[in-house]
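Trainee: Using only what follows, build the 3D model:
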Amino acid sequence: MTVVVISSYVFWIMAPKENRTVWRSTVILALAMMYLMWAITYLCQLHPLVEPRRSDMRPE
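Mentor: You can find the predicted model right below:
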């Protein structure tokens with residue numbers, strides 16, 4: 001999260017002069033969504049909805 005905040009702040013200052021608002025919005029939104037996607041993927045791997053089952057076991 002700190003990387004996203006720092007990157008957003010740096011780009012906020014160093015954005016190109018023309019279309020500054022569009023560039024800022026695009027970059028900050030993209031960084032936030034990438035972080036959100038990473039967090040969702042990480043949490044889904046920690047707590048899966050479906051448990052894996054072994055198929056090579058004999059039925060009892």
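
Trainee: For the protein, which segments count as helices?
Mentor: Here the chain has its helices, by DSSP state H, at 2-14, 20-46.

Trainee: Make TSV from those helices and add mean pLDDT to it.
Mentor: Conversion of the helices of the chain to TSV gives the following (pLDDT from 0 to 100):
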stretch	mean pLDDT
helix 2-14	80
helix 20-46	90
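
Trainee: Adding mean neighbour count and distance to residue 52 as columns, could you present those helices in CSV?
Mentor: For every residue, glycine as well, the C-beta is placed using N, CA and C. Below are these laid out as CSV (neighbours: other CB atoms under 10 Å; distance: least, CB to CB, whole Å):
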stretch, mean neighbour count, distance to residue 52
helix 2-14, 12, 32
helix 20-46, 12, 12
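
Trainee: Minimum distance to residue 58: which of those helices has it?
Mentor: helix 20-46 (29.8 Å; CB to CB).

Trainee: tell me the angle the closest one makes with helix 2-14.
Mentor: Put simply, helix 20-46 runs at 170 degrees to helix 2-14, going by axes from the mean of the first three to the mean of the last three CA atoms, to 10 degrees.
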